[in-house]
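S.K.: sequence-free structure coming up:
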C-alpha cells in the first residue's frame with residue numbers, strides 16, 4: 001500500500017482557561033487571554049513546523065483557515081501560504097481554506113491562488129471548505145442559509161477563472177462580474193489541486209466527486225467514516241470514473257514512540273487537552289439553520305452527531321483510540337493501524353498532526369520517528385516524497401526556459417519618431433544602424 005503523508009503544521013494558542021467553564025471556544029472566549037509575545041511565538045512555531053516537515057521528508061505541510069478563535073492563528077490562508085512557500089523549497093504547501101463564502105467575489109481568490117502558485121513554483125494545494133457557523137459569524141459577510149448554494153456557484157466561477165481564457169462575463173445568482181480576466185495564470189494546469197474537508201454531507205461529497213477533488217475526511221467515528229467513503233466511491237462512479245485512492249485523505253493524529261505504553265504516556269494528556277478544548281462548541285454554533293440541507297441534518301442527528309458519547313470533547317483518551325480518532329503506539333503498531341484504516345477507507349493520503357500542547361522536543365521526536373520508522377513502509381524503496389520525485393512546473397532554470405523556445409503572442413514595442421522599436425533590445429526594426437563606424 002502506498003500512502004502520502006501530509007503534516008498539519010498549525011499550532012493552537014494553548015494558553016487558555018479550561019474550556020469546560022465556557023460555552024464555546026469560538027464565541028464567548030475573550031481576547032483578553034491573548035498575549036502578543038505568546039501569539040507571535042505560536043506563529044513562529046508554525047514556520048518551524050513547516051521546516052521540520054520538509055527536512056523529515058513528508059509530502060506536504062498543511063494549515064487551516066480559522067477565525068474568531070485560538071484553534072489556529074492563520075486568518076488569511078493565502079498570506080500564510082506565501083509566507084511558508086518563502087521559507088521552504090520543495091514541500092507542497094496545503095492551505096485549507098480559503099473559505100469561499102468569506103470572499104465578496106471568488107475572482108479575488110482566484111488572483112490570490114494564482115499569485116501564490118507562481119511564487120511557490122507550483123507547490124500550492126488549496127482546500128475549499130464550506131466552513132462552519134462560527135466562521136460565518138466571525139466574518140459576517142453572508143447569510144448562512146445561502147452558504148451551500150453560494151459556495152457551489154463560487155467554486156464554479158473560481159475554477160473557470162483559473163482554467164479558461166479571459167476575458168469573460170459571469171452572471172449568476174450570487175455573483176455578477178462583467179469582466180473576468182486572470183493575471184497571472186496559475187503554474188499548475190488547469191489549476192492547483194483542491195481538497196474538500198467535510199464531515200460527510202452528501203452535497204459536499206457530490207461536489208468533490210463531480211470535480212474530482214480530494215475528500216478530506218475527519219472527525220467521524222469509524223463506521224460512519226467507512227460508510228461515507230463507500231458513498232463517495234459510488235458518487236465518483238456516477239460521474240463516470242473510478243475514484244483514485246488519492247481522492248480520499250484520512251485525517252487522524254498519529255503519534256509514534258518506542259513502545260505502545262510509552263506512546264500512551266506521551267500522548268494522553270496532550271490529546272485529551274486538544275479534544276476537550278479545540279472542539280468545544282455546541283451544535284447550533286457550528287451548523288446554524290440552513291447551513292446544511294434537511295437531508296444531511298437528519299442524517300447527522302440520527303447518527304447522534306455531538307450527542308453525549310459522540311462529542312469528542314467528552315471522550316476519554318482510551319475511547320478516542322478505540323474509535324480510531326487517534327493512532328498511537330510503537331512503529332509496528334502504527335503501521336498496522338494505518339494499513340487497516342487506510343485500506344478499509346480506500347485512502348491514498350494521510351493527514352496527521354503533532355499536538356500543540358506537547359513540549360516542542362517531544363513533538364519533534366514523534367514526527368522524526370513517524371518519518372523514519374513508519375512512512376518508509378508506505379513508500380517505494382527509494383523513500384522519496386512526492387515533491388522529491390515529481391518536480392512541479394516552475395522549478396526550471398533560466399537555461400531550461402530558454403531552451404523550451406516558446407514564441408510569445410506579442411512582443412514589447414513602442415513607436416518612437418515614426419519607427420517601431422523593440423523595447424527589449426532597443427533596436428529600430430527594419431532600419432540600418434545609425435551608430436558611427438569605428
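M.R.: Right, received. Where do you want to start? Since this is a predicted model, take the numbers as computed values, not measurements.

S.K.: where does the stretch 51-200 of the chain have low pLDDT?
M.R.: 137 (pLDDT under 70).

S.K.: try 90
M.R.: Flagging of the stretch 51-200 of the chain using pLDDT under 90 yields the residue ranges 65-73, 75, 97, 99-103, 129-149, 198-200.

S.K.: Report the mean per-residue pLDDT for stretch 272-292.
M.R.: Averaging pLDDT along stretch 272-292 gives 76.

S.K.: what comes up buried for that stretch?
M.R.: Neighbour-count burial for stretch 272-292 flags 272-281, 285-288, 291-292 (criterion: 16 or more other Cβ atoms under 10 Å). Every C-beta, even on glycine, is put in place using the N, C-alpha and C of the backbone.

S.K.: With stretch 357-373 instead?
M.R.: Neighbour count says stretch 357-373 has 357-358, 362-367, 369-371, 373 buried, by 16+ other Cβ under 10 Å.

S.K.: for stretch 231-249, same thing?
M.R.: So for stretch 231-249, counting by 16+ other Cβ under 10 Å, buried means 231-233, 235-236, 243, 245, 247-249.

S.K.: Redo those as TSV? Include distance to residue 180, secondary structure and pLDDT.
M.R.: Shown next, in TSV, are the buried residues of stretch 231-249 (distance: Cβ to Cβ, whole Å; DSSP: H, G, I helix; E, B strand; the rest coil; pLDDT from 0 to 100):
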residue	distance to residue 180	secondary structure	pLDDT
231	34	helix	95
232	31	helix	95
233	34	helix	97
235	29	helix	97
236	29	helix	97
243	31	coil	97
245	35	helix	97
247	28	helix	97
248	32	strand	97
249	30	strand	96
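
S.K.: now, which of these sits nearest residue 203?
M.R.: If you rank the buried residues of stretch 231-249 by distance to residue 203 using Cβ to Cβ, residue 235 comes first, at 10.6 Å.

S.K.: What residues does the closest one make contact with?
M.R.: 205-206, 209 (Cβ atoms under 8 Å, 6 or more residues apart in numbering).

S.K.: cool, and residue 42?
M.R.: 11-14, 73, 356.

S.K.: Helix or strand: which one has it?
M.R.: Under the criterion of DSSP states H and E, residue 42 resides in helix 36-55.

S.K.: Which element is encountered next along the chain beyond that helix?
M.R.: strand 60-64.

S.K.: tell me what that following strand is packed against?
M.R.: strand 4-8, helix 36-55, helix 77-87, strand 92-96, strand 124-127 (3 or more Cβ pairs under 8 Å, 6 or more residues apart in numbering; DSSP states H and E).

S.K.: Sheet partners, orientation included, of the first one?
M.R.: This points to strand 4-8. Applying DSSP bridges, strand 4-8 is found paired with strand 60-64 (parallel), strand 349-353 (parallel).

S.K.: Make sure residue 220 is actually in contact with residue 227.
M.R.: No. Using Cβ atoms under 8 Å, residue 220 is not in contact with residue 227; the gap is 9.0 Å.

S.K.: which one of these two has more residues nearby?
M.R.: residue 220 (23 against 14; other Cβ atoms under 10 Å).

S.K.: So the more buried one: helix, strand or coil?
M.R.: coil (DSSP: H, G, I helix; E, B strand; the rest coil).

S.K.: out of everything not next to it in sequence, what's closest to it?
M.R.: Nearest residue to residue 220, sequence neighbours excluded (Cβ to Cβ, 6 or more residues apart in numbering): residue 200, at 5.9 Å.

S.K.: Measure how buried the one you found is and give me the count.
M.R.: With other Cβ under 10 Å as criterion, residue 200 counts 23.

S.K.: quick one: which helix or strand includes it?
M.R.: Counting by DSSP H and E, residue 200 is part of no helix or strand.

S.K.: Quickly note the distance from residue 163 to residue 44.
M.R.: 36 Å (Cβ to Cβ, to the nearest Å).

S.K.: So for these two, which sits in the more crowded spot?
M.R.: More neighbours surround residue 163 than the other of residue 163 and residue 44, with 14 against 11 (other Cβ under 10 Å).

S.K.: Now do the strands in the stretch 301-438 of the chain.
M.R.: 327-329, 349-353, 413-416, 419-422, 427-428 (DSSP state E, counting those that start in this stretch).

S.K.: Export those strands to JSON lines and append columns for mean pLDDT and distance to residue 155.
M.R.: Listed next are these as JSON lines, based on pLDDT from 0 to 100; distance: least, Cβ to Cβ, whole Å:
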{"stretch": "strand 327-329", "mean pLDDT": "96", "distance to residue 155": "32"}
{"stretch": "strand 349-353", "mean pLDDT": "96", "distance to residue 155": "21"}
{"stretch": "strand 413-416", "mean pLDDT": "82", "distance to residue 155": "40"}
{"stretch": "strand 419-422", "mean pLDDT": "78", "distance to residue 155": "43"}
{"stretch": "strand 427-428", "mean pLDDT": "58", "distance to residue 155": "48"}
